[in-house]
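Trainee: only the shape, not the letters, is given here:
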DNA sequence: CCAAACTGTAAGTGTCCACTTACAGTTTGT
DNA sequence: ACAAACTGTAAGTGGACACTTACAGTTTGG
């Protein structure tokens, strides 16, 4: 399938831009429906294409899903970046907690993860998820350390180890908020309180 | 399908005992594989039956899944009860945290929940899950309150509200530990530390 | 201007899976 | 003993779904 002429590169670029136009739509479908229920027919419908047109852009549903994982990751990161630039005297970590409390589950971060883990048992997908998750976690760890500043009684190693735990805990809170939301377990208000309340307590736990 | 004669009740009882023999096997299949990948063929294979024999005991795969949800719930509760009876000067809440730290994900509590939420979009299943989750949560709340004892500076209402948050947070930690485990994100040691460390801190948060 | 590559539309194909039917053999209650 | 109910075995059925093929119409580069 590779091609050598110079002219081709333009075509491939076009293909790439086409993919990047469609991937948010596809991602949303996976978030809404999970892996199996997001059928190729449904993906095509949402993209306003025929199925075989989708298959001209991706070679399998699996590769669409992997693109979606990357899309979610990139989207979350860019949201956090704009939070970093926003005004306010809170630390970025605090801003993120407030933001997540207000928009829990919007990005569908966890929905994608659950879908990838449970519905498909594919090593490629698992490693894509692992990668995303680890990057997400390590970003969180940096934010937590930054939040507390350099001047700590503890040694750097201790602080990092504890920040890692707290980061997992925060991710856990997000997960449960997502689950909560998807079965309408509690009210939106309560969910918000959960993230804001417990999230901040966790953040201060190191101190 | 109902029947009136007295003799029938014995048959139904037999059917019931048959179901209760098989349901742990079926539950384990759903835990291992999720909803879709646990095909009726696979369920039958694990039960050492033919598919239509399964369908003599349950009228659909969905009802097998609902039975599995109830099985998981009952199993977890009875485990906790035996922990309550075990010796040791910790509170039951602390015992549960230690136990979960050692056996995270064994029961497949969260796997079942994720499967039910994502893979099927069925009101009956959602309400079965919601019920289980709420009972689980309220049991946890009682345990947390019990752990702290009656003598608190706060009013009862405040204590309950905070215990509810903490209970969700603990469930969240469990969820993330399960995810972690299923993609081998961190080591078992780290996971154990996460549950034990953060779990206990959360438990003390009220104080 | 024309050939090569792309886009749009429609109709499959093969496979998997939940669920069913048919039927012979065995219990069970009376 | 005998009918009614149950168990075991085997073979379907219908539908959904990932993925493909065919082909006519349109761009595009040289």
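Mentor: Received, thanks. What you are looking at is a predicted structure, and each value in this text was computed from that prediction instead of being measured.
Trainee: what's the longest helix anywhere in chain A packed up against?
Mentor: Counting residues, the longest helix in chain A under DSSP state H turns out to be helix A:6-37. Counting contacts by 3 or more CB pairs under 8 Å, 6 or more residues apart in numbering or on different chains; DSSP states H and E, helix A:6-37 is packed against helix A:40-47, helix A:51-57, helix A:61-85, helix A:109-114. The C-beta positions use only the backbone N, C-alpha and C, and glycine is treated the same way.
Trainee: would you mark the buried spots in the first one?
Mentor: What it means is helix A:40-47. Of all the residues in helix A:40-47, those buried under the rule 16 or more other CB atoms under 10 Å in any protein chain shown are A:43, A:44, A:46, A:47.
Trainee: from these, which two are the most distant?
Mentor: The widest separation within the buried residues of helix A:40-47, taken as CB to CB, falls between A:44 and A:46 and amounts to 7.4 Å.
Trainee: joint contacts of these two?
Mentor: Contact with both residue A:44 and residue A:46 is made by no residue, according to CB atoms under 8 Å, 6 or more residues apart in numbering or on different chains.
Trainee: where does chain A dip in pLDDT?
Mentor: Applying pLDDT under 70 to chain A picks out residues A:1-13, A:150-154, A:206-207.
Trainee: what parts of chain A come near DNA strand C?
Mentor: Selection of chain A residues close to DNA strand C by CB under 7 Å from any atom of the strand yields A:8, A:11, A:14, A:15, A:18, A:49, A:50, A:51, A:52, A:53, A:56.
Trainee: weed out the non-buried ones from these.
Mentor: With burial judged by 16+ other CB under 10 Å, the buried subset of those is residue A:49.
Trainee: circling back to that earlier point, make TSV from the helices and strands packed on helix A:6-37 and add distance to chain B to it.
Mentor: Output for the helices and strands packed on helix A:6-37, formatted as TSV (distance: least, CB to the nearest CB, whole Å):
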stretch	distance to chain B
helix A:40-47	13
helix A:51-57	20
helix A:61-85	12
helix A:109-114	4
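Trainee: quick check: which of those is nearest to residue A:127?
Mentor: Using CB to CB, those put helix A:61-85 closest to residue A:127, at 9.7 Å.
Trainee: could you list the buried residues of the closest one?
Mentor: Buried residues in helix A:61-85, counted by 16+ other CB under 10 Å: A:61, A:64-69, A:71-73, A:76, A:79-80, A:83.
Trainee: for DNA strand D, state which of the residues you listed is nearest.
Mentor: residue A:61 (3.4 Å; CB to the nearest atom of the strand).
Trainee: what residues are up against that closest one?
Mentor: Contacts for residue A:61 (CB under 8 Å, 6+ apart) come out as A:40, A:43.
Trainee: circling back: DNA strand D next: which of the buried residues of helix A:40-47 are close?
Mentor: Checking the buried residues of helix A:40-47 against DNA strand D (CB under 7 Å from any atom of the strand), there are no matches.
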